[in-house]
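> Structural data only, the sequence is not supplied:
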């Protein structure tokens, strides 16, 4: 998955949870408002059924968002493993370059000393 898509999806997850929180707050306010109405035409049983419907819808939305978060966490773990492997490979290559340059400098220094000693 591309990094851009991952960032976009993470923002979608954040937005989804924010919207879910807003919907929960609105549903709770509506339920409390209707429950406090003394002359309401809605019976206690109907209010309870409405409450259960809202609760079920919220549970379903939370479940879907939770599944999305878990799947994205798995993809992020895979990306992080690949990134760790890439960084380890790059460190190994840099160490090989340092060793190669050190050997080349040592060889040049020996040749320079040989030519300097033979010139005397």
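That came through fine. Note that the structure is predicted; figures quoted are calculated from it, not measured.

> list the buried ones in stretch 66-75?
residue 72 (16 or more other CB atoms under 10 Å). In this view, the C-beta of every residue, glycine as well, is placed from N, C-alpha and C.

> and residue 95, how many neighbours does it have?
Neighbourhood size, residue 95 [other CB atoms under 10 Å]: 10.

> Return the residues in contact with it.
By CB atoms under 8 Å, 6 or more residues apart in numbering, no residues touch residue 95.

> helix or strand for it, which one?
helix 44-119 (DSSP states H and E).

> chain center to that helix, what's the gap?
Here helix 44-119 is found 12 Å from its chain centre; the criterion is CA atoms, centre = their mean, to the nearest Å.

> Can you get me a residue count around residue 31?
Residue 31 sits with 15 neighbouring residues when counted by other CB under 10 Å.

> which non-adjacent residue is nearest it?
Spatial nearest neighbour of residue 31, chain neighbours left out: residue 51 (5.7 Å); criterion: CB to CB, 6 or more residues apart in numbering.

> and what of residue 10?
Counting by CB to CB, 6+ apart, the residue nearest residue 10 is residue 72, at 6.8 Å.

> Relative to residue 72, how far out is the residue nearest to residue 31?
Taking CB to CB, to the nearest Å as the measure, residue 51 falls 31 Å from residue 72.

> just residue 100 next, same as before
As judged by CB to CB, residue 100 and residue 72 stand 42 Å apart.
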